[in-house]
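# requesting a structural model of the entry that follows:
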Amino acid sequence: MGPSNSVFAVAVVQFFGSLAALVPSGLFFLEEVQLHDRHPTNYRLLHPAVYVVYIAVPICFGLLGIVTSIGLVRLREWARRSTLFLSIVPVIGCALLIIISPPSVFPHPGQGAMLAMGGGIYLLAYKLLLAILIPISIRWLVLLTRESVRSQFRAL
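Below is the predicted model of the structure:
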């Protein structure tokens, strides 16, 4: 017996959402490595928080999301719990990052090339990300804690 349509839909959204987090972060990482290789003497490292926020955390959540989405299709209890984790932690982290708005991650206008498109474009992107994550997370929390859905994962 396979997963219900709603669990399968969560797995599909989670898989493609994880890819959406993984690809830009991976490309940013590869670009940083290439810049360092091409210009080792002139290369200037960014603040470590930039690498954590824009590379490490999205790559970790992306990889976890891809593995978890496969586990959801196979109705594994650990995947359901990991999806609950992924519906809470990124939202809280994103909200805290927006509230704190550290200047090392979101420089003020005029501080560095990260704001080439205008002041606060990355902060705006995180606000939009939060606006997308909140309803999805609420839906997943409600769906994956229902008794009928939980019983699908216990049946195996």
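
# who does the longest helix belonging to the chain touch, helix- and strand-wise?
Looking across the chain with DSSP state H, the single longest helix is helix 5-38. Applying 3 or more Cβ pairs under 8 Å, 6 or more residues apart in numbering; DSSP states H and E, one finds that helix 5-38 makes contact with helix 57-73, helix 77-100, helix 121-144, helix 147-154. Quick note: C-beta positions are derived from backbone N, CA and C, even for glycine.

# could those go into TSV alongside mean neighbour count, distance to Val10 and mean pLDDT?
Putting these into TSV (neighbours: other Cβ atoms under 10 Å; distance: least, Cβ to Cβ, whole Å; pLDDT from 0 to 100) gives the following:
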stretch	mean neighbour count	distance to Val10	mean pLDDT
helix 57-73	19	6	97
helix 77-100	16	7	95
helix 121-144	15	6	93
helix 147-154	13	9	92
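
# between those helices, which one is nearest to Phe106?
Set against Phe106 and scored by Cβ to Cβ, these come closest in helix 121-144, at 4.5 Å.

# helices or strands next to that closest one in the packing?
Counting contacts by 3+ Cβ pairs under 8 Å, 6+ apart, helix 121-144 packs against helix 5-38, helix 77-100.

# what is the orientation angle of the longest one with helix 121-144?
Orientation note: helix 5-38 sits at an angle of 150 degrees relative to helix 121-144 (axes from the mean of the first three to the mean of the last three Cα atoms, to 10 degrees).

# and Val13, how many neighbours?
Other residues near Val13 number 15, with proximity taken as other Cβ atoms under 10 Å.

# that one - nearest residue in space that isn't next to it in sequence?
Ile136 (7.1 Å; Cβ to Cβ, 6 or more residues apart in numbering).
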